[in-house]
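J.: fold the following.
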Amino acid sequence: MNRPLSTPRGRGTAVNPHNRFAPTRSETYDDGWEQEVPPTRATEVRAEQAKTVLTRNQSPDVGFDRSVNPYRGCEHGCIYCFARPTHAYWDLSPGIDFETRLIAKTNLAERLEAELSKPGYVPQPLALGVNTDAYQPLEREQRLTRQALEILLRFKHPLHIITKSSLVLRDLDLLVPLAEQRLVSVSVSLTTLDDELKRVMEPRAASPAARLRTLRTLHEAGVPVSVMCAPMIPMINDMELERMLEAARDAGARSAGYVLLRLPHEVAPLFESWLAEHFPDRAAHVMSLVRQSRGGKAYDSRFGSRMKGEGQFAELLAQRFRLACRCYGYGQRGEAFGLDCSRFCPPGQQLSLI
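T.: All right, here's what the predicted structure looks like:
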């Protein structure tokens, strides 16, 4: 018989489900000899020579049309991460492979500079670290995100950073001059104020206190900051929404956003397995509320509803968010930043006089 593996401390999952593109599948079977090999816990990094590093999108649900992701996979190990299924394109599992078998775009600086220098390139705010966190632990040694910031500052290109890591503070020497020219904003993802919930849900991400300190430090340095309460999970962290918004406001955030839990492709069974391990008393209720908010399914990918959901629970969450933002004096998300695209000037080119 098959027996579930308990999640190793410091990882989001113990399982490694097949990706949906795999041509064959194998299953472990316990024959009583207890010789099953445990899942690897060590982090492996492979280098990628990317052909392009600017990713374009036409989604009406996000506030940008281009992004840069220095890494594939993420060591933070967030069980709910919507990007897990992208590992399937590399013949890797969205499970523990996503957390331990990482890919670094080692030529990112070279490609980014080349793409921004192309004749006719028209600047718009670029999102740094969307699919996976640009400041995950691997960044300490690879420094690809810092290289990207150096280029964007040199080109005077506007950008928005999304992270749940305090490592972003390492780059204050670049963020401050970017902010002085209205070229950068930073959104810190805050999912809970409970250290134990953070430990099992986002095992290698920064603590709630560290994220609030990050908001405060950035704000005091003059870098515009916002908070993203994402994902909001029914019966797991949704009851913290107002307290998170208040804490982030006190730390300097002046705009806010939220996203309802998204469970595309292989993320749904991974998340349900995690629920059964950590919250068996409410797992069925959580998934019932998720399905009520997604038209009876675990996920609804339609533009316009995939971020917020629909139905009673989703509508109540939206009302709570609006009331809390009004109560704590938040502005519309992004309105306080006003990133300036007119400063863009590739090195060696003359800034327009118009």
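J.: tell me where the model's unsure across this protein.
T.: Low-confidence segments of the chain (pLDDT under 70): 1-6, 8-9, 12, 14-41, 332-337, 350-354.
J.: give me that answer again for 90
T.: Along the chain, segments meeting pLDDT under 90 span 1-42, 57-64, 88-90, 129-131, 299-307, 331-338, 347-354.
J.: can you list the helices and strands that the top helix by length along it packs against?
T.: Ranked by number of residues, the top helix in the chain under DSSP state H is helix 312-328. Applying 3 or more C-beta pairs under 8 Å, 6 or more residues apart in numbering; DSSP states H and E, we find helix 312-328 packed against helix 241-250, strand 256-260, helix 283-292. Just so you know, the C-beta spots here come from the backbone N, C-alpha and C atoms, and that holds for glycine as well.
J.: make CSV out of those and add mean neighbour count and distance to I96.
T.: Formatted as CSV, the helices and strands packed on helix 312-328 follow (neighbours: other C-beta atoms under 10 Å; distance: least, C-beta to C-beta, whole Å):
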stretch, mean neighbour count, distance to I96
helix 241-250, 18, 28
strand 256-260, 21, 24
helix 283-292, 17, 21
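J.: residues of the longest helix of the chain that come out buried?
T.: F313, A314, L317, R320, F321, A324, C325, Y328 (16 or more other C-beta atoms under 10 Å).
J.: stretch 54-63 now?
T.: L54.
J.: what about that stretch, distance to the chain center?
T.: 15 Å (C-alpha atoms, centre = their mean, to the nearest Å).
J.: and stretch 179-199, C-alpha only, in CSV?
T.: Extracted as CSV, the C-alpha positions of stretch 179-199 are listed here (Å, rounded to 0.1, in the frame of the first residue of the first chain):
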residue,chain,number,x,y,z
ALA,A,179,12.8,56.1,-5.9
GLU,A,180,14.2,59.6,-6.1
GLN,A,181,13.4,59.5,-9.8
ARG,A,182,10.0,57.9,-9.4
LEU,A,183,11.2,54.7,-11.0
VAL,A,184,10.4,52.1,-8.5
SER,A,185,7.8,50.8,-6.1
VAL,A,186,7.9,47.7,-3.9
SER,A,187,5.0,45.5,-2.9
VAL,A,188,5.5,43.1,0.1
SER,A,189,3.4,40.0,0.1
LEU,A,190,1.9,39.4,3.6
THR,A,191,-0.1,36.3,4.2
THR,A,192,-0.3,35.9,7.9
LEU,A,193,0.8,37.4,11.2
ASP,A,194,1.1,33.9,12.8
ASP,A,195,4.6,32.5,12.8
GLU,A,196,3.5,28.9,13.0
LEU,A,197,1.1,29.2,10.1
LYS,A,198,3.9,30.9,8.1
ARG,A,199,6.3,28.1,9.0
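J.: contacts only, for I233.
T.: Y80, L261, V286 (C-beta atoms under 8 Å, 6 or more residues apart in numbering).
J.: part of a strand, is A209?
T.: No: under DSSP: H, G, I helix; E, B strand; the rest coil, A209 sits outside any strand and is assigned helix.
J.: which residue is the nearest non-sequential neighbour of it?
T.: D195 (8.0 Å; C-beta to C-beta, 6 or more residues apart in numbering).
J.: just the helices in the chain please.
T.: Going by DSSP H, the chain shows helices at 96-100, 108-116, 139-142, 144-155, 172-180, 195-201, 208-220, 241-250, 267-278, 283-292, 312-328.
J.: which other residues reach the shortest one?
T.: Under the contact criterion C-beta under 8 Å, 6+ apart, helix 139-142 has outside partners V45, P70, Y71, A104, T106, T145, R146, S165, L167.
J.: stretch 115-130 now?
T.: Under C-beta under 8 Å, 6+ apart, the answer for stretch 115-130 is 52-54, 62-70, 134-135, 145, 148-149, 151-152, 155, 157-163, 339, 341, 344, 346.
J.: alpha carbons only: can I get that stretch in CSV?
T.: Written as CSV, here are the backbone C-alpha positions of stretch 115-130 (Å, rounded to 0.1, in the frame of the first residue of the first chain):
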residue,chain,number,x,y,z
GLU,A,115,16.4,43.9,-25.1
LEU,A,116,16.1,47.3,-23.5
SER,A,117,18.5,48.7,-26.1
LYS,A,118,16.5,47.5,-29.1
PRO,A,119,15.4,50.3,-31.5
GLY,A,120,11.8,51.2,-31.0
TYR,A,121,11.5,49.7,-27.5
VAL,A,122,8.8,51.6,-25.6
PRO,A,123,9.1,51.6,-21.8
GLN,A,124,6.3,50.7,-19.4
PRO,A,125,6.7,49.7,-15.7
LEU,A,126,8.3,46.3,-15.5
ALA,A,127,7.4,43.8,-12.8
LEU,A,128,10.4,42.1,-11.2
GLY,A,129,9.8,38.7,-9.6
VAL,A,130,6.2,37.7,-10.5
